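Undergrad: below: sequence and its predicted model.
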Number of protein chains: 2
Amino acid sequence: MPNWIYPDFEFKPKRPLFLCIISNTDTGKIPGISAAGTSPELTDYTPGADAELVETNKIITMPELPEAPGGSPTPAIVTKASLNLTGIPSLFVASGLRKKPAIPYVELGGAGGNDIRLHSAVPDAKMLYENAMLLGKKLALLSDCVFIGESIAGGTTTAMAVLRALGYSGNVSSSFCDNPLDIKVKVVKEAMKRAGITQGSLKNDPLRAVTELGDPMMPAALGLMHGLKGTKVVMAGGTQMAAVLAMGKAMQIEGDISIATTRYIVEDKSASFKEIVESTGWPYYYSDPGLEMSKIPPVQIYAQGYVKEGVGMGGAALLAGIYGVQREKLVEETDRVLMTVELPKK
Amino acid sequence: MPNWIYPDFEFKPKRPLFLCIISNTDTGKIPGISAAGTSPELTDYTPGADAELVETNKIITMPELPEAPGGSPTPAIVTKASLNLTGIPSLFVASGLRKKPAIPYVELGGAGGNDIRLHSAVPDAKMLYENAMLLGKKLALLSDCVFIGESIAGGTTTAMAVLRALGYSGNVSSSFCDNPLDIKVKVVKEAMKRAGITQGSLKNDPLRAVTELGDPMMPAALGLMHGLKGTKVVMAGGTQMAAVLAMGKAMQIEGDISIATTRYIVEDKSASFKEIVESTGWPYYYSDPGLEMSKIPPVQIYAQGYVKEGVGMGGAALLAGIYGVQREKLVEETDRVLMTVELPKK
């Protein structure tokens, strides 16, 4: 096991599959909430563009590369580099996605998520959960180890809201270097007030918490987790996926379940990744992709806490590690992906 | 090997996957062409309803069970019965599909196919081919044997048109008991005239034949066939899939490729299934699902040549056979599926 993966991931998958759920929520358009997408209008296009980048190394349906306000490119470049170097197949899964990518993807249906301050968040939650479970059952027959990442702008705020409804007080992380927790707390309070939900009041009804306060990524992740029983499942993400673990625990989902993220998330002092995961009883792993070695400054600053996670980057890097990819090679390939990505002609 | 499968299928898949491509073409709305869908307005909904039936035993997005004018139910009931009895996972793949099913499916994109008499048939053919190839490459890493069925109303007419463009003179089959070959020939002639294509003039450019005269199922089937190289691929269908084989041969696609259909297709004297397949050099298999044993008259008449094939029924029944399912059990389960399918509340 390379020394940039903690702790040892003692399973060498034979037929791994990297899934990534792509979803939208209007909560991500609240000013100051999300760093995914350079402007609120482009927010809905970001997950599809991430999918296009990973599947084809092209951006097709969005005018530019998804990036954070700090100028860092989407973490999809690390995911893409990891998959390129390992040959592991990926499959994007649309759940409440408004802007569809121009690549093959699995459609679960559902509408984009609502602004949790104003409306029930995911009226389709139960249907999305059931469709994802059906998909998971099929994939469990084909793959012995499924990683599940996500791309949804605004997802840490909805994660915080659901965590509160389940009784967790830990904090979520952010793709901003300075976590805008004040704004998130305010949004979550407004949403809980609207829905008549108090701290812990939905601890026995996590799907209702998703319906009222969550986002469409969550029921898809939970349904997959449930349907994939019998196969090793690794949620690939930071505090959003930690919140999914918390929901899965509350739903008494069972299985060989764990979570993998980046060092950047684990070391984020503003957030409570470890605490949330530890309280679920499921193990966590993290990789240190070493992006300070990048030759490209907007990528180097990942190591200072910009972006941190997304598109299953931490889990994908971990997969690269267990497949014997050297970290220097992963960073080099990440740079190469970024330098060669094809953008739409203007 | 049971005595209702010919010849021996000497491969026992470990991780089989049953794909089914669902597509629309306006060619299927020409009066008298297709028996799939009770009325031209419902034609576009038929493939999605087939997908819903197989995935959930419910019809969700169409007001009624897809059926042929003779009153026979969709062959999806046999496919569903086979998959129920074997536990083999299915995945529906939308390619140029107008009406989307309410179940998880893979979206390849593309618009519905045009009436080949009036317009280029599939302007998106190249994109659909490439997206399907990308999907095939992923699935080849997960499954050791992929069956590929189809559901598209009007597909035998577009198959005939493409066969002519490739220089084949054999006839296609029909879901009608009396094959309306006169109408098909007339439509094909008009389409070839419109596009300036003569018998055999596109034998070296099958994708152009698809673009001008085909339907959106074809580029998806070809792309999958190509991308799945390394995995055993069985096209599950009648003369439409035989036409896909002919195109694949013309495109010099290589691999462990064969075709599986029903006895009803092989014995259809109006069509040239064997001749078309034999000229590709790839082997064919067929199953006799024994539907004369059904207790339900509209199912019994399959054995008299109604419906014959569709939704990969022949291949699915073959899979059931190689998994040790007794034919009596398959017929019983087919009846049970039909009697228990849930229809939308009126």
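TA: Structure received. Numbering: from 1, shown residues only, chains lettered A, B, ... in the order given.
Undergrad: to the chain's geometric centre, what's the distance from the helix or strand hosting residue A:321?
TA: Assigned by DSSP states H and E, residue A:321 falls within helix A:313-322. A distance of 14 Å separates the C-alpha centroid of helix A:313-322 from that of its chain, computed with C-alpha atoms, centre = their mean, to the nearest Å.
Undergrad: what do you get for stretch A:337-346?
TA: Using C-alpha atoms, centre = their mean, the offset of stretch A:337-346 from its chain centre is 23 Å.
Undergrad: buried sites along it?
TA: By neighbour count, and taking 16 or more other C-beta atoms under 10 Å in any protein chain shown as the criterion, the buried residues in stretch A:337-346 are A:337-338, A:341. Any C-beta I mention is one placed from the backbone N, CA and C, and that applies to glycine too.
Undergrad: next: stretch A:304-312.
TA: Neighbour-count burial for stretch A:304-312, with 16+ other C-beta under 10 Å as criterion, is recorded at A:305-312.
Undergrad: how long is that stretch end to end?
TA: 19 Å (C-alpha to C-alpha, to the nearest Å).
Undergrad: can you list the residues that contact it?
TA: Contacts to stretch A:304-312, defined as C-beta atoms under 8 Å, 6 or more residues apart in numbering or on different chains, come from residues A:18, A:20, A:35-36, A:50, A:54, A:68, A:70, A:72, A:74-76, A:78-79, A:147-151, A:173-177, A:236-238, A:261-262, A:264-265, A:267-268, A:302.
Undergrad: repeat that with 7 Å
TA: Residues from elsewhere that reach stretch A:304-312, judged by C-beta atoms under 7 Å, 6 or more residues apart in numbering or on different chains: A:18, A:20, A:36, A:50, A:54, A:68, A:70, A:72, A:74-76, A:79, A:147, A:149, A:151, A:173, A:175, A:177, A:236-238, A:261-262, A:264-265, A:268.
Undergrad: sitting in strands, which of those residues do you find?
TA: Secondary structure from DSSP state E places A:18, A:20, A:147, A:149, A:151, A:236, A:261-262 of the contacts of stretch A:304-312 in strands.
Undergrad: out of the residues you listed, who's the most crowded?
TA: Neighbours here mean other C-beta atoms under 10 Å in any protein chain shown. Within the ones in strands among the contacts of stretch A:304-312, the largest count is held by residue A:149, at 34 neighbours.
Undergrad: okay, that residue: pLDDT?
TA: Residue A:149 is assigned a pLDDT of 98 by the prediction.
Undergrad: for residue A:18, same thing?
TA: So residue A:18 comes in at 98 (pLDDT).
Undergrad: that one touches residue A:145, doesn't it?
TA: No. The pair residue A:18 / residue A:145 is not scored as a contact, 9.6 Å apart, by C-beta atoms under 7 Å.
Undergrad: quick revisit: tell me what the helix holding residue A:321 is packed against?
TA: If you count contacts as 3 or more C-beta pairs under 7 Å, 6 or more residues apart in numbering or on different chains; DSSP states H and E, helix A:313-322 packs onto helix A:76-86, strand A:145-151, strand A:232-236, strand A:257-262, strand A:284-287.
Undergrad: right, and the helix or strand after it?
TA: For helix A:313-322, the following helix or strand on the C-terminal side (DSSP H and E) is helix A:327-340.
Undergrad: is it correct that residue A:135 is in contact with residue A:228?
TA: No. Taking C-beta under 7 Å as the definition, residue A:135 is not a contact partner of residue A:228, at 9.0 Å.
Undergrad: residue ranges in chain A under the pLDDT threshold?
TA: By pLDDT under 70, the low-scoring segments of chain A are A:35-38, A:69.
Undergrad: for residue A:137, see how far away the spatially most central residue of it is.
TA: When chain A is reduced to its mean C-alpha position, the closest residue under C-alpha atoms, centre = their mean turns out to be residue A:150, at 2.9 Å. Distance, residue A:150 to residue A:137, by C-beta to C-beta, to the nearest Å: 20 Å.
Undergrad: same question for residue A:270.
TA: Computed as C-beta to C-beta, the residue A:270 to residue A:137 distance reads 38 Å.
Undergrad: of those two, who's got more company?
TA: Taking residue A:270 and residue A:137 together and counting by other C-beta under 10 Å, residue A:137 has the greater number of neighbours (19 against 16).
Undergrad: my read: that one touches residue A:227, true?
TA: Yes. Using C-beta under 7 Å as the test, residue A:137 is close enough to residue A:227 to be in contact (4.4 Å).
Undergrad: tell me what the residue nearest to the centre of chain A is bridged to.
TA: For residue A:150, the beta-bridge partners are residue A:21 (DSSP bridges).
Undergrad: state the distance from it to chain B.
TA: For residue A:150, the distance to chain B (C-beta to the nearest C-beta, to the nearest Å) stands at 17 Å.
Undergrad: what does residue A:303 give?
TA: Using C-beta to the nearest C-beta, one gets 31 Å for the distance from residue A:303 to chain B.
Undergrad: report the contact partners of that residue.
TA: Applying C-beta under 7 Å, 6+ apart to residue A:303 gives the contacts A:291-292.
Undergrad: can you give me phi and psi for residue A:58?
TA: Its backbone dihedrals place residue A:58 at phi -130, psi 150, with angles given as degrees, to the nearest 10.
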